[in-house]
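Asker: what would the 3D arrangement of this be:
(one chain, ligands or ions: 1)
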Amino acid sequence: MDAVDEDRAGAREEPMRWIRAAGRGLLVAAVVLAGHVSAGAGAAPGPARGDGRGPMTLATAGDLTGYLGPLLEGWNRGHPDERVTLVELPDSADETRAQLTTSLRSGDGRYDVLNMDVTWTSEFAAAGWIAPLEAKHFPVGSFLRPVLDTATYRETLYAVPYVTNAGMLYYRKDVLDRAGVSPPSSWAELEKQAKTLAPRFGLGGYAGQFLPYEGLTVNATEAVYSAGGSILDGEGRVAVDSPAVRTGLGFLARGVRDGWIPREALTYTEEESRQAFQDGRLLFLRNWPYAYAGASGADSRVAGKFGAVPLPGPRGSGTSVLGGSNLAVSARARHPESARDLIAYLTSAPVQRKVLTEGALPPVRAELYQDPELVRRFPYLPALRASVLSAAARPKSTRYDQVSLAVQAVVHDAMAQHQNPGDSVRRLARELSAITDRG
Ligand code: GLC
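Answerer: Got it, this is the predicted structure:
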């Protein structure tokens, strides 16, 4: 796959919503504290029609590109009796999950449509919080192949793919050009350039999302998959005590020990790491495609000076984790027919196009990745499509949250140099065995 150079991207033409999103942060924080946010007017209950139709809420993790409110207004204009109110929860997947599960467990029925991280399907379905869906209502044949599997539990559809995601390696093209080198296509090259080149140009070497939260599970799982290992095997048995897992964690821990991963990166989520890159403080960054738009924006110091390539691994190309989110209908939804139609609307071709053009998020409909007009505006689409098609899912487990918490804690300790990678891997094997009962 070719490197994608920002100056060819035309991405600067994209409406930049970062400032708006940043300003909105305070508002979101205030309403999250208050426990509820309504981004659209019309939060009032409205007429219940007894036919499964009426107003509803859509709960989502933070809308980092500020596109979802306007998008839902498109639905609201055409459905005045079935208005949807956006409820924005925190940015991080873990905090959003915590708020959703507290509400769903208490049965308060506050949320009708749930925008769920792809890893929550098994847990939410097994708990009876989300309703099974009939595939015939949704364009399931139009989705990129791997995304549908994340929406099923025990061969039943419980959600509908909405956004997909795959990690990319962002690099400073101007710096690599001056040094006369190509972007790294293996860990050895990445490590060498981060170690030797970055300090020469006054930059930090490499960062990802290394705060202990779901983002660190993603980064660690990618390192493990890239080295040929896995966390749980196909039958859900613990698979971490292997040389490949030690290689994966060793790569991340060594980066901090040898200084080519700045210690500060141990506190980064997606947003802090994006900011560090677009402030011109990093040579390399692992992040999702949404960061491309921010780094191309008017307030970015690296606009026109960066590119993005697939993630490297120890033997050439690495493996990205499959990210993204699916839409589900709460088992207690007040108006399930309207909820179902809203999901069909959000996965329709014109709305999916806007998910990319307005939201800078990777759509789930396969045809958009080959649309010449979109490929011209977002030249990274072909590379992204290949990354999504070869991305590997995180373990499917009804206890995924606990699996992830164990991975985050152990990997963070290894990266902070509190425990060596060998001991970390043995500890992780013990903890995961206790969680899964399947050592
Ligand atoms: C992105 C991904 C999601 C992942 C999260 C981790 O939102 O789409 O799947 O869990 O990042 O921070």
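Asker: correct me, but residue 125 touches residue 156?
Answerer: Yes: at 7.5 Å, residue 125 counts as touching residue 156 under the criterion of C-beta atoms under 8 Å. Backbone N, C-alpha and C define where each C-beta goes, glycine included.
Asker: between those two, what contacts are shared?
Answerer: Taking C-beta atoms under 8 Å, 6 or more residues apart in numbering as the contact rule, residue 125 and residue 156 both touch residue 132.
Asker: which of these two has more residues huddled nearby?
Answerer: Legend: neighbour count by other C-beta atoms under 10 Å for residue 125 and residue 156, higher for residue 125 (23 against 11).
Asker: and the closest residue to the ligand within the stretch 201-350 of the chain, what does it touch?
Answerer: Residue nearest to the ligand within the stretch 201-350 of the chain: residue 323 (3.1 Å; C-beta to the nearest ligand atom). Taking C-beta under 8 Å, 6+ apart, we find residue 323 in contact with 117, 118, 164, 165, 166, 167, 218, 288, 391.
Asker: can you rerun that using 6 Å?
Answerer: residue 165 (C-beta atoms under 6 Å, 6 or more residues apart in numbering).
Asker: go on, residue 424?
Answerer: Applying C-beta under 6 Å, 6+ apart, we find residue 424 in contact with 249, 410, 414.
Asker: restrict those to contacts with the ligand.
Answerer: On the criterion C-beta under 6 Å from any ligand atom, none of the entries of those sits beside the ligand.
Asker: weed out the non-buried ones from these.
Answerer: Burial by neighbour count, 16 or more other C-beta atoms under 10 Å: within those this picks out 249, 410, 414.
Asker: make CSV out of the residues you listed and add pLDDT.
Answerer: As requested, the buried ones among the contacts of residue 424 are exported to CSV (pLDDT from 0 to 100):
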residue, pLDDT
249, 97
410, 98
414, 98
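Asker: show me how far the helix or strand where residue 434 lies is from its chain's centre.
Answerer: Using DSSP states H and E, residue 434 falls within helix 421-436. Relative to the centre of its chain, helix 421-436 is centred 25 Å away, using C-alpha atoms, centre = their mean, to the nearest Å.
Asker: give me the buried positions along it.
Answerer: Neighbour counts over helix 421-436 (16+ other C-beta under 10 Å) mark 421, 424, 425, 427, 428, 429, 431, 432, 435, 436 as buried.
Asker: nearest to residue 105 among those residues?
Answerer: Nearest to residue 105 among those: residue 435, at 19.4 Å, using C-beta to C-beta.
Asker: what mean pLDDT does the helix holding residue 434 have?
Answerer: In this model, helix 421-436 has an average pLDDT of 96.
Asker: just stretch 141-155 next, same as before
Answerer: Mean per-residue pLDDT for stretch 141-155: 96.
Asker: so is it next to the ligand?
Answerer: No: contact of stretch 141-155 with the ligand (C-beta under 6 Å from any ligand atom) is absent, the minimum separation being 8.9 Å.
Asker: likewise stretch 122-138?
Answerer: No: using C-beta under 6 Å from any ligand atom, we find that stretch 122-138 stays clear of the ligand, coming within 13.3 Å at best.
Asker: so residue 70 lies in a strand, does it not?
Answerer: No: assessed with DSSP: H, G, I helix; E, B strand; the rest coil, residue 70 is helix; it does not lie in a strand.
Asker: pull up the residues of the stretch 51-200 of the chain that are close to the ligand.
Answerer: For the stretch 51-200 of the chain, the residues in contact with the ligand (C-beta under 6 Å from any ligand atom) are 93, 117, 118, 165.
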